[in-house]
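>>> Give me coordinates for this.
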Amino acid sequence: MTATDTQPIDGDTLNHLPERPLPSAGPEAMGGRGALKSAGHVIVDSLVAHGVERTFVVPGESFLDVLDGLHGSDIDTVVCRHEGGAAYMAEADGKMNQRPGVAMVTRGPGAANAHVGLHTAWQDSTPMLLFVGLIPFAHRDREAFQEFDIKAWFDTGAKRVMVLDHAERASEIVAEAMFAAMSGRPGPVVVGLPEDIIRQQVDPALHPAIPVATGGMSSTDAEALASALSLSKKPLFVTGGNDWTQEAAGQLTGWLEKHHIPAAAEWRTQGTVSFDSPSYVGPIGYGRPRPTYDLLEETDLLVFVGTVPGDVITDGFLCRQDWNKQNFLVTIDPSLRGRSGPVSRQIVAKPDAFVRDLLEINLPVKEEWKAWTARMRAEQTSFAALPKSAAEGPAKMDTLMANLVPPLPQDAMVTFGAGEHTNWAHRYFPTRRYASMISARNGSMGYSIPSAIAASLASPQRRVVTIAGDGEFLMNGQELATAAQYGATPLIVVMDNQEYGTIRTHQERHYPSRVSGTQLKNPDFGLMARAFGGYGITVTRDEDVPAALDAAFQAIDRDGTFALIHLIVEQRVKAY
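Sure, this is the predicted structure:
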């Protein structure tokens, strides 16, 4: 029975379905209308009905019945090489889509390895489902092999932790998990699947999707915002979060340009307002260029859309803390989790709903707005101007960016993890649409390769670039095997400065001339890429950078493979 020809179970029926025996899920149980299905297969059917296109998996015997349900289903099963990589891929997938990314791992060690992706989803407000196979229900609390307390492990870092203890509720729990991940401030949800429960036979009827409220501006909200804007001489919008659509991003950009009002981007979320827009004035976050830091204090009206003024934006809860300042916070989260500083008004709305209502506000354009926006736009244009190719001496990231950016298509994407190497992307990469920068705002290393694979699989027609540091790359570099297996084709740039650069910078600041615990000795990453089945080249001289980029793009376009440029650079050279 497919998702299109079943009927939902009502709540009363769910509460009174009889207990089922525990036969294995063989083909004979999957017959025509009315035939029973295993709970594991019903979970897969429910995911299909909710629009899930792929799941990122490290297999385990604890959820074999779900794996069996995935066989032949409409969901692509991407088998990963480490649970951390699988969780990162699911988290990145959730950033790019209007539904949660999905990962599946096994109990105990598998769940522990996946925790890093869950923390990323929690701090980045990304909708994500993590399915964890569990020991049999009958073995619980007996120190069974790989037993752990799933609620104790995950309760503080997930929106909900659910365990399927009644097979009849399999479809309901998927619907509830999807709803919890997407409703309010998005985030991760963990679903535990005891291996004996998912084999039980149940009615295959599917629970309907639960609608997610989007909020919106009330008439009084709109009046308050219009009034505040009318009185403002230097308004500033700040966009962020992962809860947008490209349509709303484009509409907001048009409204801002029409009114000559500037917008900055939350750290690592560039592209909601296009890089090329006359209203875009740069990123705000760690390592920000000085002008956008000053913006937060200089503006007389801040409108945050999809995010709040948290730790990173306010530079450790230092900037924009004066309670006399005007801050409008547009977020669907009524708790304002993570907020610091003044709140003039909260508008409870997801970005799309807010933009829909914002379009109804038309204000006369002030000359002060034009001058204010033009000044900050000029700062951003100067900051983002491409460097010149040195073409001599050791290889340089400046030269790579100078040659990488001009041929990029309009919809190019960049992904990266954490480290000083990311600042070249912050400064120069042309993010021209929503979800063209996919990164980890919790500062998690090891994210670059998994996120690039997820981006390439989700959008195979787009040029996907990832910039990795040498330390960051080796935390999940083994997922190149996944890229090769499933035909992902990102361009991977590994900036090799033989150190954990960000930590070294802090070390020099606090413990000058006492280098300790930050230096690295690396393999030949180009050779490593070739061993995994992709194109790889190692570059040490600046004059060889343009040819290396040309060869990498040719390999991607001609051979349909990923390509890696191992760029060996000098230490202590920074993007800004």
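
>>> Pretty sure residue 303 sits against residue 236.
Yes: here residue 303 lies in contact with residue 236, judged by Cβ atoms under 8 Å, at a distance of 7.2 Å. Using the backbone N, CA and C atoms, a C-beta is placed for each residue, glycine as well.

>>> Would you state the strands of the stretch 351-500 of the chain in chain order?
413-416, 437-439, 464-469, 491-496 (DSSP state E, counting those that start in this stretch).

>>> With respect to burial, which of those strands scores highest?
Among the strands of the stretch 351-500 of the chain, the stretch with the highest mean neighbour count (mean count of other Cβ atoms under 10 Å) is strand 413-416, at a mean of 30.

>>> How about residues contacting it?
92, 422, 425, 429, 431, 435-439, 447-448, 451-452, 455, 459, 462-468, 490 (Cβ atoms under 8 Å, 6 or more residues apart in numbering).

>>> at 7 Å what do you get?
Residues from elsewhere that reach strand 413-416 (Cβ atoms under 7 Å, 6 or more residues apart in numbering): 92, 422, 425, 429, 436-439, 448, 451-452, 455, 459, 462, 464-468.

>>> Name every strand pairing with it and say which way it goes.
Paired strands of strand 413-416, with direction, are strand 437-439 (parallel), strand 464-469 (parallel) (DSSP bridges).

>>> contacting residues for the residue lying closest to residue 299 once chain neighbours are set aside?
Leaving out its chain neighbours, the residue that sits closest to residue 299 by Cβ to Cβ, 6 or more residues apart in numbering is residue 236, at 4.1 Å. Taking Cβ under 7 Å, 6+ apart, we find residue 236 in contact with 262, 264, 295, 299, 302.

>>> returning to that earlier point: residue 69: which of the strands paired with strand 413-416 is closest?
Residue 69 lies closest, by Cβ to Cβ, to one member of those: strand 437-439, at 28.8 Å.

>>> Residue 191: which element?
strand 188-194 (DSSP states H and E).

>>> quick one: strands adjacent to that strand?
Each strand paired with strand 188-194, and its direction, by DSSP bridges: strand 128-134 (parallel), strand 160-163 (parallel).

>>> For residue 254, find the nearest of these.
Smallest distance to residue 254 across the strands paired with strand 188-194 (Cβ to Cβ): 30.9 Å, for strand 128-134.

>>> So which bits of the next helix or strand after that closest one are buried?
Moving toward the C-terminus from strand 128-134, the next helix or strand (DSSP H and E) is helix 150-154. By 16 or more other Cβ atoms under 10 Å, the buried positions in helix 150-154 come out as 150, 153, 154.

>>> can you check stretch 138-147 too?
In stretch 138-147, counting by 16+ other Cβ under 10 Å, buried: residue 146.

>>> winner for burial among the strands paired with strand 188-194?
strand 128-134 (a mean of 28).

>>> what's in contact with that strand?
Residues outside strand 128-134 that contact it (Cβ under 7 Å, 6+ apart): 60, 62-63, 66, 87, 90-91, 94, 100-107, 111, 114, 118, 121, 150, 177, 181, 188-195.

>>> just stretch 357-373 next, same as before
216-217, 222, 225-226, 229-230, 233-235, 251, 255, 259-262, 279.

>>> what distance separates that stretch from the middle of the whole chain?
31 Å (Cα atoms, centre = their mean, to the nearest Å).

>>> Quick check: end-to-end length of that stretch?
23 Å (Cα to Cα, to the nearest Å).

>>> Near residue 504, how many other residues are there?
19 (other Cβ atoms under 10 Å).

>>> Next up, the contacts around it.
Per Cβ under 7 Å, 6+ apart, neighbours of residue 504: 515, 518.

>>> Buried residues, the helix or strand harbouring it. List them.
Residue 504 belongs to helix 501-510 when assigned by DSSP H and E. Neighbour-count burial for helix 501-510 flags 501, 502, 504, 505, 507 (criterion: 16+ other Cβ under 10 Å).

>>> The second one and residue 310, how far apart?
The span separating residue 502 from residue 310 equals 19 Å under the rule Cβ to Cβ, to the nearest Å.

>>> now do the fourth one
The spacing between residue 505 and residue 310, counted by Cβ to Cβ, is 22 Å.

>>> Kindly report the same for the first one.
For residue 501, the distance to residue 310 under the criterion Cβ to Cβ works out to 24 Å.

>>> And the helix ranked longest in the chain, what's buried?
Identified as the longest helix of the chain according to DSSP state H is helix 367-384. In terms of neighbour count (16+ other Cβ under 10 Å), helix 367-384 has its buried residues at 369, 372, 373, 376, 377, 379, 380, 383, 384.

>>> State the mean pLDDT of it.
Taken as a whole, helix 367-384 carries a mean pLDDT of 95.

>>> now that helix: how far from the chain's centre is it?
From the chain centre to the centre of helix 367-384 is a distance of 29 Å (Cα atoms, centre = their mean).

>>> that older thread, need the strands paired with strand 413-416 in TSV (columns: distance to residue 327 and mean pLDDT).
Output for the strands paired with strand 413-416, formatted as TSV (distance: least, Cβ to Cβ, whole Å; pLDDT from 0 to 100):
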stretch	distance to residue 327	mean pLDDT
strand 437-439	24	95
strand 464-469	33	96
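
>>> would JSON lines of those with distance to residue 331 be doable?
JSON lines is the format used below for these (distance: least, Cβ to Cβ, whole Å):
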{"stretch": "strand 437-439", "distance to residue 331": "20"}
{"stretch": "strand 464-469", "distance to residue 331": "29"}
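
>>> closest to residue 567 out of those?
strand 464-469 (9.7 Å).

>>> what angle sits between that closest one and strand 491-496?
Counting by axes from the mean of the first three to the mean of the last three Cα atoms, to 10 degrees, strand 464-469 lies at 10 degrees to strand 491-496.

>>> returning to what we had before: can I get the buried part of the contacts of stretch 357-373 as one ChimeraX selection?
Here is the ChimeraX selection string for the buried members of those, based on 16+ other Cβ under 10 Å:
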select :216,217,222,225,229,234,235,251,255,259,260,261,262,279
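
>>> Out of the contacts of stretch 357-373, list just those in helices.
Judged by DSSP H, helices contain the following of the contacts of stretch 357-373: 222, 225, 226, 229, 230, 251, 255, 259.

>>> So which of the residues you listed is the closest to residue 241?
Nearest member of these to residue 241, counting by Cβ to Cβ, is residue 251, at 16.2 Å.

>>> so the closest one touches residue 352, yeah?
No: applying Cβ atoms under 7 Å, one finds residue 251 not in contact with residue 352, separated by 8.8 Å.

>>> Work out for me the element residue 247 sits within.
Here residue 247 is covered by helix 246-259, with elements defined by DSSP H and E.

>>> For the buried residues of helix 150-154, give me TSV that also has pLDDT and distance to residue 321.
Shown next, in TSV, are those (pLDDT from 0 to 100; distance: Cβ to Cβ, whole Å):
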residue	pLDDT	distance to residue 321
150	94	39
153	93	35
154	95	33
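
>>> For residue 36, state which of the residues you listed is nearest.
Residue 36 lies nearest to residue 150 out of those, by Cβ to Cβ, at 27.1 Å.

>>> Contact partners for the closest one?
Taking Cβ under 7 Å, 6+ apart, we find residue 150 in contact with 132, 134, 161, 163, 190, 192.

>>> Redo those as CSV? Include distance to residue 390 and pLDDT.
Shown next, in CSV, are the contacts of residue 150 (distance: Cβ to Cβ, whole Å; pLDDT from 0 to 100):
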residue, distance to residue 390, pLDDT
132, 50, 98
134, 56, 96
161, 52, 98
163, 58, 97
190, 49, 98
192, 54, 98
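
>>> relative to strand 128-134, how tilted is the helix or strand where residue 118 lies?
Here residue 118 is covered by helix 109-124, with elements defined by DSSP H and E. Put simply, helix 109-124 runs at 160 degrees to strand 128-134, going by the same axes, to 10 degrees.
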